[in-house]
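J.: Got a predicted model here, sequence first, then my questions.
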Amino acid sequence: MTPIYSKISGLGFYVPETIITNDDLTQYMDTSDAWIQERTGIKQRRWFTYGKDTNAGMATAASRMAIDQAGISATSVDLIVYATITPDYYFPGSAFLMQRELGLEGIAVIDIRQQCSGFVYALSIADQFIKSGMYKTVLVVGSEIQSSLLNKSNEGRGVAVIFGDGAGAAILQATNDVNHRILSTHLHADGRFAEELYVQDPGSSRDGRWITEATIAEGNYNVTMNGSAVFKHAVIRFAEVISESLLANGLTPDDLSLLVPHQANIRISNYVQQQMNLPDEKIFNNIQQYGNTTAASIPIALTEAFEQGRVKPGDLVCLAAFGSGFTWASALIRW
Ligand code: UT7
């Protein structure tokens with residue numbers, strides 16, 4: 001039997017229209033454009049508009065673009081895999097809301113979290129369903145509204161300046177073409193570091209109700225991050241998981257056409273670029289424009305890279321991510 005593979009046949013993204021520059025943030029907290037650019041590379045990010053944008057609505061817009069680019073009808077989608085840590089409801093997940101918006105009632109949907117590695121995990125799940133023959137067309141999405149979670153006071157400035165809102169999507173389709181396909185995906189996690197970057201509340205394992213006046217007063221619904229611990233692990237794991245994908249396919253960093261890393265911090269990307277000895281044209285960064293959009297960052301970056309002609313048939317493209325959990329993951333694609 002001819003083996004079945006999966007290929008990416010369509011990409012799309014959506015970002016809210018409101019641009020928040022670093023200078024804009026100085027209205028809320030004691031920070032500066034110089035500090036933010038020097039420590040993170042970020043110049044601006046997008047924040048959603050209440051009443052206009054929702055997590056699922058942004059994902060729907062990104063998905064429609066990916067569906068159009070793939071040249072398919074939405075009704076040929078067999079499965080949705082949706083990554084987010086900022087869902088519209090506590091449950092059910094935003095995949096249900098997007099499925100409804102796309103008019104795809106009845107098809108399977110899977111909601112996952114997996115934080116900044118969410119999109120690569122979702123892509124891997126989709127790839128396995130296609131390779132097994134169970135589904136032929138899978139819509140993979142990463143979407144985040146972070147701005148309503150952020151503590152925009154001085155207390156939260158170490159976190160608030162980094163994150164932004166947006167959504168990205170990809171259509172994966174079954175193929176027998178060994179020369180244009182996802183070559184492999186590699187997934188990792190280490191729960192020993194769960195509390196290095198997390199949101200504690202609301203959680204179920206509480207005395208009494210899961211949200212009380214005390215929980216609100218404690219402020220543990222804010223994002224808590226040990227920035228330097230995340231940074232130190234990220235630079236090691238990014239390089240490791242990229243090398244793992246190349247090694248698994250008998251390839252080397254020289255063979256790479258483009259690395260699309262999760263947009264966490266420009267200093268992390270620069271460090272990984274240096275470790276892998278990649279020239280500037282072999283790495284894609286757009287954190288300057290959008291900040292860190294967690295599960296949405298890779299599909300937004302990949303779509304922009306594609307639109308700019310930096311991803312062409314035959315190219316070897318590596319997607320790599322690291323984030324809360326900790327999680328880290330990569331996907332190697334022969335475009
Ligand atoms: O996708 C995974 C998501 N997370 C990450 O990738 C985060 C990885 N970590 C990082 O990117 C960096 O650790 C940060 C950008 C978050 C922080 O950079 P840093 O170089 O580790 O700074 P720091 O937290 O050590 O803070 C240095 C100083 C502190 O002041 P003192 O104690 O030296 O006087 C902070 O209070 O900078 C201060 N600071 C700020 N100043 C201006 C922290 N946040 C800000 C701010 N504006 N927004």
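T.: That came through fine. Treat the numbers as computed from the prediction; the structure is a model and nothing was measured.
J.: for the residue lying closest to residue 335 once chain neighbours are set aside, what are its contacts?
T.: Leaving out its chain neighbours, the residue that sits closest to residue 335 by Cβ to Cβ, 6 or more residues apart in numbering is residue 315, at 4.4 Å. In this view, the C-beta of every residue, glycine as well, is placed from N, C-alpha and C. Contacts for residue 315 were tallied using Cβ atoms under 8 Å, 6 or more residues apart in numbering; they are 257-258, 334-335.
J.: hmm, 7 Å instead?
T.: Residues counted as contacts of residue 315 (Cβ atoms under 7 Å, 6 or more residues apart in numbering) are 257-258, 335.
J.: in this structure, which residue is closest to the centre?
T.: Residue closest to the average C-alpha location in the chain (Cα atoms, centre = their mean): residue 295, at 2.2 Å.
J.: Assumed that residue was part of a helix.
T.: Yes. Judged by DSSP: H, G, I helix; E, B strand; the rest coil, residue 295 forms part of a helix.
J.: Can you give me the pLDDT of it?
T.: For residue 295, the pLDDT comes out at 98.
J.: Could you list the buried residues of stretch 81-99?
T.: Within stretch 81-99, the residues that qualify as buried are 81-88, 93-99, counting by 16 or more other Cβ atoms under 10 Å.
J.: Test my guess that the residue nearest to the centre of the chain contacts residue 83.
T.: Yes. Between residue 295 and residue 83 there is a contact under Cβ atoms under 7 Å: 4.0 Å.
J.: intersection of neighbour lists for those two?
T.: Common contacts of residue 295 and residue 83 (Cβ under 7 Å, 6+ apart): 118-119, 142.
J.: ok and the residue in the chain nearest the ligand?
T.: Nearest residue of the chain to the ligand (Cβ to the nearest ligand atom) works out as residue 227 at 2.7 Å.
J.: Could you check how many residues crowd around that residue?
T.: Residue 227: 15 surrounding residues under other Cβ atoms under 10 Å.
J.: Hmm, it is touching residue 158, no?
T.: Yes. Contact criterion Cβ under 7 Å: residue 227 and residue 158 qualify, at 5.9 Å.
J.: got the residues of the protein near the ligand?
T.: Listed as neighbours of the ligand in the chain under the rule Cβ under 6 Å from any ligand atom: 31, 35, 39-40, 116, 157-158, 161-162, 227-228, 230-231, 234, 264-265, 292, 323.
J.: C-alpha coordinates for stretch 158-174, PDB please?
T.: C-alpha atoms of stretch 158-174 as PDB (Å, rounded to 0.1, in the frame of the first residue of the first chain):
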ATOM      1  CA  GLY A 158       7.500  42.000  33.100                       C
ATOM      2  CA  VAL A 159       4.800  39.900  31.400                       C
ATOM      3  CA  ALA A 160       2.400  42.400  29.900                       C
ATOM      4  CA  VAL A 161       4.800  43.900  27.400                       C
ATOM      5  CA  ILE A 162       5.600  40.600  25.700                       C
ATOM      6  CA  PHE A 163       2.200  39.200  24.800                       C
ATOM      7  CA  GLY A 164      -0.200  40.000  21.900                       C
ATOM      8  CA  ASP A 165      -3.400  38.900  20.300                       C
ATOM      9  CA  GLY A 166      -3.900  37.100  16.900                       C
ATOM     10  CA  ALA A 167      -4.800  33.900  15.100                       C
ATOM     11  CA  GLY A 168      -3.200  31.600  12.500                       C
ATOM     12  CA  ALA A 169      -4.400  28.500  10.600                       C
ATOM     13  CA  ALA A 170      -3.200  25.800   8.200                       C
ATOM     14  CA  ILE A 171      -5.000  23.300   6.100                       C
ATOM     15  CA  LEU A 172      -3.400  19.800   6.100                       C
ATOM     16  CA  GLN A 173      -4.300  17.400   3.300                       C
ATOM     17  CA  ALA A 174      -3.400  13.800   2.600                       C
END
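J.: now that stretch: mean pLDDT?
T.: Per-residue scores along stretch 158-174 average to 98.
J.: show me the contacts for residue 126.
T.: So residue 126 contacts 6, 81, 138, 140, 172 (Cβ under 7 Å, 6+ apart).
J.: Please enumerate the helices of the protein.
T.: 22-25, 33-40, 55-70, 94-101, 118-131, 157-160, 213-218, 227-248, 266-275, 287-290, 297-307 (DSSP state H).
J.: Where neighbours are concerned, which of the shared contacts of residue 295 and residue 83 has the most?
T.: residue 142 (36 neighbours).
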